[in-house]
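In: I'd like to go over a predicted model; first the sequence, then the structure.
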Amino acid sequence: GTFGPEIPAKPSAGGSGSFVGNRGERPAGAPSDEEIERMIEERNDARKAANFKKADEVREHLRQRGVVLMDEKGAKGTFKGNEVTKWRFWRP
């Protein structure tokens with residue numbers, strides 16, 4: 001990869017969904033996938049309205065609960081949040 005060494009995704013131990021490997025292990029206290037997706041939509045709506053303070057608050061709230069967001073660069077227009085923002089779990 002162009003961003004430093006590749007980190008191979010760990011094969012998931014059981015669990016459902018094909019994303020378990022890329023998203024890492026769900027930390028204790030992390031929100032459900034549905035809640036995360038809902039908050040990403042909320043944040044995306046705030047970003048579309050240029051309410052970046054609200055968008056940053058949502059990002060920070062998720063980060064404190066063990067979820068990191070990664071925005072696609074240059075995504076403008078009427079995309080859904082989950083089309084422009086990927087997420088994964090992390091351990092602080």
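Out: The structure has been received and is ready for your questions.
In: where in the chain is pLDDT low?
Out: Residue ranges of the chain with pLDDT under 70: 1-21, 75-79, 92.
In: following the helix or strand containing Lys54, which helix or strand shows up next?
Out: Here Lys54 sits within helix 52-64, counting by DSSP states H and E. Once the chain leaves helix 52-64, the next helix or strand it forms, by DSSP H and E, is strand 67-71.
In: how far off helix 52-64 does that next one point, in degrees?
Out: Interaxial angle, strand 67-71 versus helix 52-64 (axes from the mean of the first three to the mean of the last three CA atoms, to 10 degrees): 140 degrees.
In: which element follows strand 67-71 toward the C-terminus?
Out: helix 81-84.
In: quick one: that next one to chain centroid distance?
Out: Relative to its parent chain, helix 81-84 has a centroid offset of 9 Å by CA atoms, centre = their mean, to the nearest Å.
In: What are the buried residues along that helix?
Out: By 16 or more other CB atoms under 10 Å, the buried positions in helix 81-84 come out as Gly81, Val84. C-betas here are computed from N, CA, C, even on glycine.
In: so what does that helix touch, helix or strand wise?
Out: Applying 3 or more CB pairs under 8 Å, 6 or more residues apart in numbering; DSSP states H and E, one finds that helix 81-84 contacts helix 33-48.
In: Show me the contact partners of the helix it packs on.
Out: Defining contact as CB atoms under 8 Å, 6 or more residues apart in numbering, one finds that helix 33-48 is touched by 17, 31, 52, 54-55, 58-59, 61-62, 67, 69, 78-82, 84-85, 87.
In: picking that back up, now the helix holding Lys54 against helix 33-48, angle please.
Out: 160 degrees.
In: What lies in contact with the helix or strand containing Trp87?
Out: Here Trp87 sits within strand 85-89, counting by DSSP H and E. With contact meaning CB under 8 Å, 6+ apart, strand 85-89 is reached by 22-27, 30, 36, 40, 43-44, 62, 66-72.
In: Am I right that Arg26 is in a strand?
Out: No: counting by DSSP: H, G, I helix; E, B strand; the rest coil, Arg26 falls outside a strand, being coil.
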